[in-house]
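> generate a structure from the sequence data that follows.
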Amino acid sequence: MMILDRINYYLNLGLVFIAGLFLMAMIVLTCANVFSRLVWIPISGSFELMGFFGAMVTVFALGYTQMRRGYIAVDILVTRFSKKTQQILTAVNCMICMIFFALVSWQITKYATTLLETGEVTETLRIIYYPFTYGVAFGCAALSLVFLTDLLKLFFQKEDEG
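Just a heads-up that it's a prediction; the model follows:
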């Protein structure tokens, strides 16, 4: 369990670092595009790049955000339940989310393989789609791993208390 937790932590820490690099690239590209438009020469393909970079920022930050509980949770109803009921609901939620994001990762991987086989590229810059699509699938798989780790922690925590 400890090994899985460390793998999960360092994997998602690396992914959020990469997400930060993509975010910095988005900032630089946006600033460059704004300044270049002042002289009527916009950067060609900036819309395509912003879409790819935005997808990478979002999906690579998902697992780390889940680990840190960095999201907004409205739990006004759940806090009124007993501790045991809260744990059961959390376990069910982790299980559903783990399965969902594993399936999403699998389907996106299939789609990325199709893009690889067909050689699909963007219209303006002729950038190949599939590396970014595989990146989205990998980010979803990493999020699924976070939910698996959370689920296992719930089970082991339950055994330690009993």
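
> so who does the closest residue to Y64 other than its chain neighbours touch?
Taking CB to CB, 6 or more residues apart in numbering as the measure, Y64 lies nearest to V16, with 3.9 Å between them; neighbours along the chain are not counted. C-beta here means a position set from N, CA and C on the backbone, and glycine is covered the same way. Contacts of V16 were listed using CB atoms under 8 Å, 6 or more residues apart in numbering, and they are 60-61, 63-64.

> by neighbour count, which of these wins?
Neighbours were tallied for each of these (criterion: other CB atoms under 10 Å), and the maximum of 28 neighbours falls on G63.

> name the helix or strand for that residue, please.
Mapping G63 onto the secondary structure by DSSP states H and E places it in helix 46-68.

> can you pull the contacts of the residue lying closest to Y9 once chain neighbours are set aside?
What sits nearest to Y9 in space, not counting adjacent residues and going by CB to CB, 6+ apart, is M67, at 6.9 Å. Each residue near M67 by CB under 8 Å, 6+ apart is listed here: 8-9, 12, 146.
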